[in-house]
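**Q** no sequence on this one, just coordinates:
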DNA sequence: TTTTATTTGTCCGTATGTATA
DNA sequence: GTATACATACGGACAAATAAA
């Protein structure tokens, strides 16, 4: 009788998936620390009493989830932990990442003014075609890119915004310059896409890898929309957290 | 002077991305209805006064976002709208999808009991190794798969749960059978991954396409954890919405 | 049923600007 | 500063699938 028969696959749950879950749990529990080398594939196979290929399938799954990365001829290593990125009324990149004890970086890649498209106009509650400032921002933590996004604001309300952003660094400080002390997240829509060449380059990942696509609108305490953005997150470095 | 000079690319915003945004806006605005055929690539190219390849790049982006799908020899068509899947304290699949006027389907693919792994035990606040029920559920709307997920519950608390789920259909009704009238979402963690062969088959998509990966914990009104799950969403059919 | 036109998909190029090493 | 690699944009040709004549 074969070893990998049905008495081992717990009713529809494949062996490799359970092994992947087990190893993931050990990584989370801290059995293997960040950057540490996992035991070799053969060793893991012996431990679970399965074929090496089954272990390879499990490790491939973990690599796909971004928990480990394999290096040919060397071994499989635990990837750096994902940053928990909470989505709340107060969602500020600098606070979130800085609070995690990391060095924050925000770089304005490009900027310009353009007439508002229908989608942007609706979210900012302005007329279609009204001028909006467009900012392309790349944010990073400890030098590693976390997310790349486009932010739109009504141009009329914020003259010379890009210049201010460049000197002030960070959206909170920039808006403060225009007299806005407080703003909050109104809505967040989360989807996924694949990285194109530009995204991949900016986020230092590989084209085709999945990205989290987050569309959001921020409003003043009065409820008036102040900015809207579309951000791409590298999901092997970030994890969006919704607390109820 | 060449056409592709800097006077056409609005300070760092590429042509194809702006065309993609424009067409997306028109789709959202309802200029093209669901299932309708877009103008041909050449026609769009003439309209924006660009090369056909540039339009193709833009349409590829929209296909990646799941807004359109191309059919060789025929044309490019507007894909069905994504289901908005709100993440709130009360997150019930049947209510969300049923409320959108769609036919709900939930199928128990597999079930079994297993000792709780560290991650599951921590989330359910039980001891590692304590028995948990594991359910593999595939959910669909109007016959189209929406998400595939694994749900764990403490086995001791819910004897014969799988059988009950099979007859009652739906988690809410199943938990009601065990005397639980109310439960709410405690935490939700959102990441992304690529579809493997099994996911792709179940969700009727292509291996390698991005998936939304959602880890959640639901609790009783008392705060006691009642179930935890890991769900894979097809992002071209669903959009997670967080309201603040 | 066969032909023809249309439309998307996949190649081959060239030039230019930009980011990186 | 220089060289290299990459991304954008354009131009053309043809294959493959589809739909209509």
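**A** Received, thanks. Here the structure is a predicted model, which is why all the values come from computation and not from measurement.

**Q** hang on, isn't residue A:178 packed against residue A:154?
**A** No: Residue A:178 lies out of contact with residue A:154 (C-beta atoms under 8 Å); the separation is 11.0 Å. To be clear about C-beta, it is placed using only N, CA and C from the backbone, and glycine gets the same treatment.

**Q** Contact residues of chain A facing DNA strand C?
**A** Proximity of chain A to DNA strand C is confined to A:109, A:201 under the rule C-beta under 7 Å from any atom of the strand.

**Q** at 10 Å instead, please
**A** By C-beta under 10 Å from any atom of the strand, the residues of chain A that approach DNA strand C are A:107, A:109-110, A:136, A:138, A:145, A:198, A:201-202, A:204.

**Q** ok, which of those residues also contact chain B?
**A** Restricting the residues of chain A next to DNA strand C to those near chain B by C-beta under 8 Å from any C-beta of the partner chain leaves A:109-110, A:136, A:198.

**Q** Please, which helix or strand holds the nearest residue to residue A:161 once chain neighbours are set aside?
**A** Once flanking residues are discounted, residue A:161 sits nearest to residue A:133: 5.0 Å by C-beta to C-beta, 6 or more residues apart in numbering or on different chains. Here residue A:133 sits within strand A:131-141, counting by DSSP states H and E.

**Q** same check, this time on residue A:70
**A** If you go by DSSP H and E, residue A:70 is part of strand A:68-71.

**Q** which neighbours does that strand have in its sheet, and in what orientation?
**A** The pairing partners recorded for strand A:68-71 under DSSP bridges are strand A:75-78 (antiparallel).

**Q** contact partners of the strand it pairs with?
**A** A:27, A:32-38, A:40-41, A:59, A:63, A:67-71 (C-beta atoms under 8 Å, 6 or more residues apart in numbering or on different chains).

**Q** hmm, the lengthiest helix in chain A touching chain B?
**A** Ordering each helix of chain A by length in residues (DSSP state H) puts helix A:15-29 first. Yes: using C-beta under 8 Å from any C-beta, helix A:15-29 reaches chain B at A:18, A:21-22, A:24-26, A:28-29.

**Q** Can you name the next helix or strand after that helix?
**A** For helix A:15-29, the following helix or strand on the C-terminal side (DSSP H and E) is helix A:41-48.

**Q** Looking from DNA strand D, tell me which residue of chain A is nearest.
**A** Closest to DNA strand D within chain A is residue A:197: 3.3 Å, counting by C-beta to the nearest atom of the strand.

**Q** OK, contacts around residue A:137?
**A** Neighbouring residues of residue A:137 by C-beta under 8 Å, 6+ apart: A:106-109, A:148-151.

**Q** All the helices of chain A, in order from the start?
**A** Counting by DSSP H, the helices of chain A are A:15-29, A:41-48, A:52-64, A:93-99, A:118-124, A:161-168, A:171-177, A:197-202.

**Q** which of those has the lowest average pLDDT?
**A** Lowest mean pLDDT within the helices of chain A: helix A:93-99, a mean of 62.

**Q** rewinding a little: looking at the helices of chain A, spot the one closest to residue A:235.
**A** With respect to residue A:235, and counting by C-beta to C-beta, the nearest of the helices of chain A is helix A:52-64 at 10.4 Å.

**Q** in that closest one, what's buried?
**A** Counting neighbours by 16 or more other C-beta atoms under 10 Å in any protein chain shown, one finds that the buried residues in helix A:52-64 are A:54-59, A:61-64.

**Q** do the same with stretch A:212-226
**A** Residues A:212-219, A:225-226 are the ones in stretch A:212-226 that count as buried (16+ other C-beta under 10 Å).

**Q** Which helix or strand in chain A has the lowest average pLDDT?
**A** Ranked by mean pLDDT, DSSP states H and E, the weakest helix or strand in chain A is helix A:93-99, scoring a mean of 62.

**Q** end-to-end on stretch A:196-205?
**A** Stretch A:196-205 has an end-to-end distance of 10 Å (C-alpha to C-alpha, to the nearest Å).

**Q** which other residues reach it?
**A** A:109, A:138, A:144-145, A:147-148, A:195, A:206-209, A:211, A:232, A:234, A:236, B:14, B:61, B:64.

**Q** Now a PyMOL select for only the buried ones of those.
**A** Of those, the buried ones go into a single PyMOL selection, burial set by 16+ other C-beta under 10 Å:
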select buried, (chain A and resi 138+145+147+148+195+209+211+232+234+236) or (chain B and resi 14+61+64)
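
**Q** The residue lying closest to residue A:118 once chain neighbours are set aside: neighbouring residues, count only.
**A** In space, and not counting its chain neighbours, residue A:118 is closest to residue B:25: 4.0 Å by C-beta to C-beta, 6+ apart. Using other C-beta atoms under 10 Å in any protein chain shown, residue B:25 has 18 neighbouring residues.

**Q** List the contacts of residue A:191.
**A** Listed by C-beta under 8 Å, 6+ apart, the contact set of residue A:191 reads A:212-215, B:65-66, B:82, B:212, B:235, B:238-240.

**Q** scratch that, residue A:146 is what I was asking about
**A** With contacts defined as C-beta under 8 Å, 6+ apart, residue A:146 is in contact with A:83, A:97, A:139-140, A:233-234, A:237-238.

**Q** Pick out the lowest-pLDDT one from those residues.
**A** residue A:97 (61).

**Q** most neighbours, which of the contacts of residue A:137?
**A** residue A:148 (24 neighbours).

**Q** pLDDT wise, what is that one at?
**A** Note on residue A:148: pLDDT of 87.

**Q** Dig out what it forms beta bridges with.
**A** Going by DSSP bridges, residue A:148 is paired in beta bridges with residue A:138, residue A:232.

**Q** Can you name the residues that contact it?
**A** Counted by C-beta under 8 Å, 6+ apart, residue A:148 has contacts A:109, A:136-139, A:199, A:202-203, A:231-232.

**Q** and with 6 Å instead?
**A** Contacts for residue A:148 (C-beta atoms under 6 Å, 6 or more residues apart in numbering or on different chains) come out as A:138, A:202-203, A:232.

**Q** Residue A:182 now?
**A** Applying C-beta under 6 Å, 6+ apart to residue A:182 gives the contacts residue A:221.

**Q** Kindly provide the distance from it to residue B:71.
**A** 49 Å (C-beta to C-beta, to the nearest Å).

**Q** Also residue A:167?
**A** Relative to residue B:71, residue A:167 is positioned 50 Å away (criterion: C-beta to C-beta).

**Q** just to revisit the earlier point, tabulate the contacts of residue A:191 (TSV), appending distance to residue A:116.
**A** Shown next, in TSV, are those (distance: C-beta to C-beta, whole Å):
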residue	distance to residue A:116
A:212	25
A:213	20
A:214	20
A:215	15
B:65	20
B:66	24
B:82	23
B:212	28
B:235	26
B:238	27
B:239	22
B:240	25
